[in-house]
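J.: Starting from these lines, generate the structure:
(2 chains)
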Amino acid sequence: MNNPILNLSDVRKTYLTEKKERINALDRIDLDIFENDFVCILGPSGCGKSTLLRLVAGLDRDYQGKIFYKGKLLTSSSHEIGMVFQEYSLLPWRNVIDNVVLGPEFLGKGKRERIEIGMQYLRLVGLDAYTKSYPYELSGGMQQRVAIARSLANDPQILLMDEPFGALDAHTRILLQKELLTIWNKNRKTILFVTHSVDEAVYLSDRIVVMSASPGKMLADIPVDMPRPRKRSDPAYGALVTKLLEMLESEAKT
Amino acid sequence: MKKTFNILIYFTIPAIFLIVWMYLAQSIGNKIILPSIEDVLVIMSSPGTSLIGMGSLIDNITISIIRVFCGYVLAVCLAIPLGMLMGYSPLTFKLFHYFLGLFRPIPPLAWVPLVLAWFGVSSLAMFYPFESGSLYVYLRNIKLSMIFIIFIGAFFPILLSTIHGVQGVRTTLIESARTLGGNEWDIFRKILIPAAAPSIVNGMRIGLGVAWMCLVSAEMLPGSISGVGYLIIHAYTVARTDVVIAGMISIGIVGVLLDTIFKAVETNKFSWQKKYR
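T.: Here you go, the predicted model:
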């Protein structure tokens, strides 16, 4: 097998609470992510999965251990590692197309080229009819689609997604999961997707990394060998969901 | 029917006010205590004619606006960059916040004695190389002490709104820009400034209001020989209450006009803010 695109080696992070107590947010995380993989990090809230993603995004540099991106030590944010946030992160004063071209704008691309790239990705997420709309005119699901298009417009090598559908209603969520897979099929990126939904993890990923809370550490690393599109009625699907739920439940008891 | 009623509502209180004024003026019958509406209207309707040997209303308002503008521009130029730095960098915030906080409660008027000791009657003319010409005369009318008082009045509202605006920028916006490859300068220019702009402009609006209010006290300073503030004071000493009231109304009208300009900018440029959670 080829070299991992992302390698985490003995990553730890501790917080000091207001009462000066030491909390192990992340403990001994060793993880290899390979190119073009769709990996879900699954865990209960407070298990440090979002913290882990922020470290990889270069937004938090206060940790022990090493993170390598393509064999090089990761020291800061890079346009090659994109991120989609749970909260709406579009700039409210820019319309849809101007939001999507933000990355190419930072990279110093010319105006015509930017618009071309932006339109291409808006078409990909099916929002090319809304270029001049403002974020507040769009529904939550549409805003997240714009945010995904914005991250993709930078052509990142890795796309980090921090519970991107967490704030959406169940129906929109299922719709967007389907859409994300379609996009991923056309445009294979390495995706690192954080979620606390077992169903979401099983539906989407090639591989599920299960984490436990306090201290946040890796519990299991499970490959998912089911052809896509996956059917929720498939017995194998149900069996995996049950297995994961039991794993999280037994962890919660101890 | 409903429309006329709505319009009537706006005019009810002003109408009552004018009627009371008219009645009081008539029953008092003393122009020095309360002149009649007509007396004031005569002055207001011909703002170009010279009053009590001090130039016209328009001349005095113009010089006042120039003075406010000088102090205000100075306040904007200092308060916005400092506020942005203080809002963004916790170190700068700690460095300045408590120190500046000591000066904030001091009313601009309380600075007058100190300001006079520092600047006396020196004016902008001291930066002008010639001691003649119409520009020199104009500059001599703009005293440093006045600029300072107006500056103090406008500085703090603008500074505080700028800090508040920058601190209120959602971290998700900054972090998403960072993951898109934006450097610090990009983030400053394309995220912080536009995100804080509504708050900054609101502060500029409040600051201009305060600056305009500080004008009268600034124009009461020694060495002042013009401006609406001075016109009012001088009219009082020669017992021309009608001129006093006309001057006051002019100050009010100019204040409302300046505020309206800013309000228009706010509703035009920052419509996104209202609908943004």
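J.: show me where chain A has helices.
T.: Remark: helices assigned in chain A by DSSP state H are A:49-56, A:96-100, A:102-106, A:111-124, A:140-152, A:170-186, A:198-204, A:235-253.
J.: What residues sit buried inside the last one?
T.: Neighbour-count burial for helix A:235-253, counted by 16 or more other CB atoms under 10 Å in any protein chain shown, picks out A:237, A:240-241, A:244, A:247-248, A:251. Just so you know, the C-beta spots here come from the backbone N, C-alpha and C atoms, and that holds for glycine as well.
J.: Cross-check those against chain B and keep the overlap.
T.: Among the buried residues of helix A:235-253, no residue lies close to chain B (CB under 8 Å from any CB of the partner chain).
J.: Return the closest of those with respect to chain B.
T.: Ranked by distance to chain B (CB to the nearest CB), those are led by A:Leu248 at 27.6 Å.
J.: Could I get the phi/psi values of B:Phe155?
T.: Backbone torsions of B:Phe155, given as degrees, to the nearest 10, read phi -60, psi -50.
J.: how about it, what does it touch?
T.: Taking CB atoms under 8 Å, 6 or more residues apart in numbering or on different chains, we find B:Phe155 in contact with B:75, B:78-79, B:207.
J.: Please determine how far it is located from A:Asp206.
T.: 59 Å (CB to CB, to the nearest Å).
J.: Check A:Leu240 too.
T.: A:Leu240 is 13 Å from A:Asp206, where distance means CB to CB.
J.: okay, and the common contacts of those two?
T.: Counting by CB under 8 Å, 6+ apart, the residues touching both A:Leu240 and A:Asp206 are A:Val224.
J.: Return the set of buried residues in the host helix or strand of B:Phe11.
T.: Using DSSP states H and E, B:Phe11 sits in helix B:2-28. Going by neighbour count (16+ other CB under 10 Å), the buried part of helix B:2-28 is B:21, B:25.
J.: Just name whatever secondary elements it is in contact with.
T.: Packing partners of helix B:2-28 (3 or more CB pairs under 8 Å, 6 or more residues apart in numbering or on different chains; DSSP states H and E): helix B:37-45.
J.: any idea which helix or strand comes after the helix it packs on?
T.: helix B:57-88.
J.: now that following helix, how far from the chain's geometric center?
T.: Relative to its parent chain, helix B:57-88 has a centroid offset of 8 Å by CA atoms, centre = their mean, to the nearest Å.
J.: other SSEs contacting it?
T.: Helix B:57-88 sits against helix B:90-103, helix B:144-167, helix B:193-219, helix B:228-237, helix B:241-269, with contacts defined as 3+ CB pairs under 8 Å, 6+ apart.
J.: I'd like those helices laid out as a markdown table, including distance to A:Lys217.
T.: Compiled in a markdown table, the helices and strands packed on helix B:57-88 are given as follows (distance: least, CB to CB, whole Å):
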| stretch | distance to A:Lys217 |
| --- | --- |
| helix B:90-103 | 32 |
| helix B:144-167 | 35 |
| helix B:193-219 | 37 |
| helix B:228-237 | 71 |
| helix B:241-269 | 50 |
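J.: Take those helices and lay them out in JSON lines including mean pLDDT and distance to A:Leu53.
T.: Shown next, in JSON lines, are the helices and strands packed on helix B:57-88 (pLDDT from 0 to 100; distance: least, CB to CB, whole Å):
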{"stretch": "helix B:90-103", "mean pLDDT": "92", "distance to A:Leu53": "25"}
{"stretch": "helix B:144-167", "mean pLDDT": "92", "distance to A:Leu53": "25"}
{"stretch": "helix B:193-219", "mean pLDDT": "90", "distance to A:Leu53": "24"}
{"stretch": "helix B:228-237", "mean pLDDT": "87", "distance to A:Leu53": "60"}
{"stretch": "helix B:241-269", "mean pLDDT": "88", "distance to A:Leu53": "35"}
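J.: in chain A, what spans have low per-residue confidence?
T.: Scanning chain A with the threshold set as pLDDT under 70 gives A:1, A:253-254.
J.: Just list the residues touching whichever residue of the stretch 1-150 of chain B sits closest to chain A, thanks.
T.: Ranked by CB to the nearest CB, the top residue of the stretch 1-150 of chain B for proximity to chain A is B:Pro90, at 15.5 Å. Going by CB under 8 Å, 6+ apart, B:Pro90 touches no other residue.
J.: Can you tell me how far it is from A:Thr172?
T.: Noted for B:Pro90: a distance of 38 Å to A:Thr172, by CB to CB.
J.: Name the nearest residue to whatever residue of chain B ends up closest to chain A, sequence neighbours excluded.
T.: In chain B, the residue that lies nearest chain A is B:Gly181 (2.8 Å; CB to the nearest CB). Spatial nearest neighbour of B:Gly181, excluding adjacent residues (CB to CB, 6 or more residues apart in numbering or on different chains): A:His79 at 2.8 Å.
J.: thinking again about what came up before, name the SS class of the residue of chain B closest to chain A, please.
T.: coil (DSSP: H, G, I helix; E, B strand; the rest coil).
J.: Now for the closest residue to chain B within the stretch 51-200 of chain A: which residues touch it?
T.: Nearest residue of the stretch 51-200 of chain A to chain B, counting by CB to the nearest CB: A:His79, 2.8 Å away. Neighbour list for A:His79: A:103, A:106-107, A:154, A:156, B:179-181 [criterion: CB under 8 Å, 6+ apart].
J.: now do A:Asp221
T.: Taking CB under 8 Å, 6+ apart, we find A:Asp221 in contact with A:207-210.
J.: And for A:Glu113?
T.: The contact partners of A:Glu113, taken as CB under 8 Å, 6+ apart, are A:Pro104.
J.: Could you count how many residues lie near B:Leu41?
T.: 13 (other CB atoms under 10 Å in any protein chain shown).
J.: What residue in chain B is the furthest from its centre?
T.: B:Thr179 (41.7 Å; CA atoms, centre = their mean).
J.: Pull up the residues of the stretch 101-250 of chain B that are close to chain A.
T.: B:170, B:172-173, B:175-183, B:186, B:190-191, B:194-195, B:197.
J.: hey, which of the helices and strands packed on helix B:57-88 is tucked in deepest?
T.: By mean neighbour count, with neighbours taken as mean count of other CB atoms under 10 Å in any protein chain shown, helix B:144-167 ranks first of the helices and strands packed on helix B:57-88 at a mean of 24.
J.: now that one, how far from the chain's geometric center?
T.: With CA atoms, centre = their mean as the basis, helix B:144-167 stands 11 Å off its chain's centre.
J.: That one vs helix B:228-237, what angle?
T.: For helix B:144-167 against helix B:228-237, the angle by axes from the mean of the first three to the mean of the last three CA atoms, to 10 degrees is 130 degrees.
J.: and the angle for helix B:144-167 with helix B:57-88?
T.: 40 degrees.
J.: Without its sequence neighbours, what residue ends up closest to B:Trp21?
T.: Excluding the flanking residues, the one nearest B:Trp21 by CB to CB, 6+ apart is B:Ile37, at 6.1 Å.
J.: Revised request: answer the last question for B:Leu57.
T.: B:Pro47 (4.1 Å).
J.: B:Lys31 should be in a strand, yeah?
T.: No. Per three-state DSSP, B:Lys31 lies outside any strand segment and is coil.
J.: coming back round to it: confidence score at the residue of chain B closest to chain A?
T.: Per-residue confidence (pLDDT) for B:Gly181: 91.
J.: And for B:Lys275?
T.: For B:Lys275, the pLDDT comes out at 65.
J.: Let me see the backbone angles for A:Glu35.
T.: Here is the backbone geometry of A:Glu35 (degrees, to the nearest 10): phi -60, psi 140.
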